[in-house]
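In: After the sequence you'll find the predicted model.
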Amino acid sequence: MAISRAQLLKELLPGLNALFGLEYARYGEEHKEIYETESSDRSFEEETKLAGFAAAPLKSEGAAIAYDNAQEAFTARYNHVTIALGFSLTEEAVEDNLYDSLSARYTKALARSMANTKQVRAANVLNNGYNQNFLGGDNRSLFGTNAAGAVTNHPLVSGGTNSNVQAVATDLNETALENAVIQIAAWTDERGLLIAAKPRKLIIPPALQFVATRLLDTDQRVGTADNDINALKNNGAIPEGYVINHYLTDTDGYFLTTDVPNGMKYFVRTPLTTSMDGDFDTGNVRYKARERYSFGFSDPLGMWGSQGA
């Protein structure tokens with residue numbers, strides 16, 4: 001349905017001083033703090049994790065060399081979605097508007113809507129990270145929940161597991177972050193060999209920004225009269241500090257991105273495009289915006305999470 005003059009009655013009045021409601025500032029592209037961006041030229045993308053070799057064994061004198069087998073661990077799949085929205089203006093509504101162009105005004109609103117959807121979908125990978133209905137390539141959610149709803153961690157070819165979630169959920173504090181750094185350092189590859197994984201960045205909702213500042217930006221420990229250094233800052237344990245994501249739904253949950261490659265991925269199939277056309281019979285002018293993309297994760301070790309207390 002086209003936007004008609006009846007819906008824009010006040011905009012047609014010459015005495016109107018100002019129009020408002022479409023000029024709010026919006027948050028930036030917060031997904032870029034979490035995801036690696038890659039392009040795609042297919043309807044979906046798949047990434048397969050390979051298992052390397054186990055630890056090399058001791059070879060006795062005169063004994064034959066032991067041979068190991070390489071294999072695939074799992075495959076992560078990204079199904080691109082199409083996001084689109086448009087609006088239409090009657091010819092008369094455009095003709096009779098006394099202020100700045102209706103099309104320019106509502107095109108800004110269209111861009112705002114498209115941007116909001118992208119940020120919500122990006123954050124939902126974390127928001128649903130404990131949900132059994134959102135499983136990755138290893139048949140576990142981002143934070144190790146299986147299809148039955150139990151937290152069983154991420155299975156390895158070796159028979160072991162990796163955990164990228166806080167063992168006992170606690171609120172954001174110094175001990176919680178220190179334990180996360182230690183936990184991440186103990187991760188292994190598919191065959192049980194240690195990997196040199198480290199945290200990079202703390203991702204938090206707005207409610208935790210002041211706690212995060214005290215934990216990461218002060219030179220001394222918080223909440224103590226002792227002259228102790230802030231070990232998290234002194235050691236560079238979380239080198240990229242913290243960023244706020246305004247689309248996280250858990251007000252006390254928090255996350256750490258890591259330096260494990262091929263973790264959180266954002267595939268761009270079709271960048272944002274806008275177009276317009278006119279209908280010859282009605283004179284209505286139609287505007288639309290459209291893009292295709294997918295958010296997800298390949299290696300779940302690209303992220304560590306806590307639901308808070």
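Out: Arrived safely, thanks for sending. Numbering: from 1, shown residues only.
In: Could I get the phi/psi values of the spatially closest residue to residue 243 that is not a sequence neighbour?
Out: Of all residues not flanking residue 243 in the chain, residue 33 sits nearest, at 4.6 Å (Cβ to Cβ, 6 or more residues apart in numbering). Using the backbone N, CA and C atoms, a C-beta is placed for each residue, glycine as well. Main-chain torsions, residue 33, degrees, to the nearest 10: phi -80, psi -10.
In: Now do stretch 295-309: distance to the chain's middle.
Out: 9 Å (Cα atoms, centre = their mean, to the nearest Å).
In: Kindly report the same for stretch 289-308.
Out: For stretch 289-308, the distance from its own C-alpha centre to the chain's C-alpha centre is 4 Å (Cα atoms, centre = their mean).
In: same question, stretch 254-272
Out: Relative to its chain's centre, stretch 254-272 lies at 7 Å (Cα atoms, centre = their mean).
In: now that stretch: mean pLDDT?
Out: On average, the pLDDT along stretch 254-272 is 97.
In: all strands of this protein, in order?
Out: Using DSSP state E, the strands found in the chain span residues 36-39, 44-51, 71-79, 81-89, 154-155, 161-162, 199-204, 242-244, 254-258, 264-278, 285-297, 303-306.
In: Out of those, which is closest to residue 211?
Out: Closest to residue 211 of the strands of the chain is strand 199-204 (Cβ to Cβ; 8.1 Å).
In: Could you verify my assumption that the residue nearest to residue 243 touches residue 203?
Out: Yes: the criterion here is Cβ atoms under 8 Å, and residue 33 meets it with residue 203 at 6.9 Å.
In: Between the two, which contacts overlap?
Out: Here residue 33 and residue 203 have 243, 245, 257 as joint contacts, going by Cβ atoms under 8 Å, 6 or more residues apart in numbering.
In: Show me which of these is closest to residue 147.
Out: Set against residue 147, the nearest of the shared contacts of residue 33 and residue 203 by Cβ to Cβ is residue 257 (26.0 Å).
In: Relative to residue 68, how far out is the closest one?
Out: 32 Å (Cβ to Cβ, to the nearest Å).
In: re the thing from before, higher neighbour count, residue 33 and residue 203?
Out: For residue 33 versus residue 203, neighbours defined as other Cβ atoms under 10 Å are more numerous around residue 203 (24 against 16).
In: does the more buried one really touch residue 246, like I thought?
Out: No: using Cβ under 8 Å, residue 203 makes no contact with residue 246, being 11.2 Å away.
In: hey, C-alpha coordinates of the one helix or strand in the chain whose mean pLDDT sits lowest in PDB?
Out: Within the chain, no helix or strand scores below helix 91-96, which has a mean of 76 by mean pLDDT, DSSP states H and E. The C-alpha atoms that make up helix 91-96 are tabulated as PDB, following Å, rounded to 0.1, in the frame of the first residue of the first chain:
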ATOM      1  CA  GLU A  91       2.200  10.900  -6.800                       C
ATOM      2  CA  GLU A  92      -0.100  13.400  -5.000                       C
ATOM      3  CA  ALA A  93       1.700  13.000  -1.700                       C
ATOM      4  CA  VAL A  94       5.000  13.900  -3.300                       C
ATOM      5  CA  GLU A  95       3.500  16.800  -5.200                       C
ATOM      6  CA  ASP A  96       1.800  18.400  -2.200                       C
END
